[in-house]
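Asker: After the sequence you'll find the predicted model.
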Amino acid sequence: MLAIGIDNGVTGAIAFLQGAAAELYPMSTVQRLSYTKKKQYVNLVDANKLTAILVEKIAEARKADISLFAYIERPMVNPKMFRSSLSAVMAFWDVVRILGNLGIGYRVTDSKQWQRRYLPAGCKGAELKKASAEREQNDYYATSPEAIRLLLKMDRKKRGSEK
């Protein structure tokens with residue numbers, strides 16, 4: 001199986017994992033005029049570029065007779081951070097729409113499921129953001145595939161317990 005891990009925010013990334021092989025791409029974005037009355041620009045997921053990457057991966061998977069499945073991080077929603085939350089939700093629905101249009105199954109996962117393994121115990125709020133940013137800066141390319149492996153393992157364990 002080709003597992004796809006998506007941190008769907010405009011500063012996020014998309015990782016592809018098959019066995020020990022892993023590829024990581026930054027989330028492609030595009031600037032558009034804001035949806036507000038104030039003249040400003042917002043970053044949005046570049047749906048065309050994301051679709052092109054996924055179409056290429058679908059073709060590779062079909063050629064190798066491999067299934068695909070995606071894990072999408074739940075968007076951050078915090079009323080105190082309205083603009084950031086709105087951006088996160090818009091990016092989330094862009095990604096969900098693209099996956100649906102391409103026929104790629106997905107599961108929404110909370111970042112807490114993988115953060116426990118990679119971040120210091122007891123981190124909350126601003127500490128969590130800081131620890132996550134430091135971890136990302138130090139070894140994001142190693143952490144992202146590991147997070148997907150952890151989610152796959154959790155899914156397998158869950159399916160085994162449901163039988």
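Answerer: It's in. Note that this is a predicted model, so its numbers are computed, not measured.

Asker: For stretch 84-96, list every residue counted as buried.
Answerer: Buried residues in stretch 84-96, counted by 16 or more other C-beta atoms under 10 Å: 87-88, 90-92, 94-96. Where C-beta positions appear, they are placed from N, C-alpha and C, glycine not excepted.

Asker: likewise stretch 70-86?
Answerer: Neighbour counts using 16+ other C-beta under 10 Å place 70-73, 75 of stretch 70-86 among the buried residues.

Asker: Restricted to helices, list the buried residues of stretch 84-96.
Answerer: For the buried residues of stretch 84-96, membership in helices holds for 87-88, 90-92, 94-96, with DSSP state H as the criterion.

Asker: Closest one of the residues you listed to residue 47?
Answerer: residue 94 (5.8 Å; C-beta to C-beta).

Asker: Which residue is the nearest non-sequential neighbour of the closest one?
Answerer: Excluding the flanking residues, the one nearest residue 94 by C-beta to C-beta, 6 or more residues apart in numbering is residue 45, at 4.3 Å.

Asker: ok, now which ones touch that neighbour?
Answerer: Residue 45 makes contacts with 8, 10, 27-30, 90-91, 94-95, as judged by C-beta atoms under 8 Å, 6 or more residues apart in numbering.

Asker: just the ones in helices among the buried residues of stretch 84-96 now: which is nearest residue 54?
Answerer: Using C-beta to C-beta, these come closest to residue 54 at residue 95, 9.7 Å.
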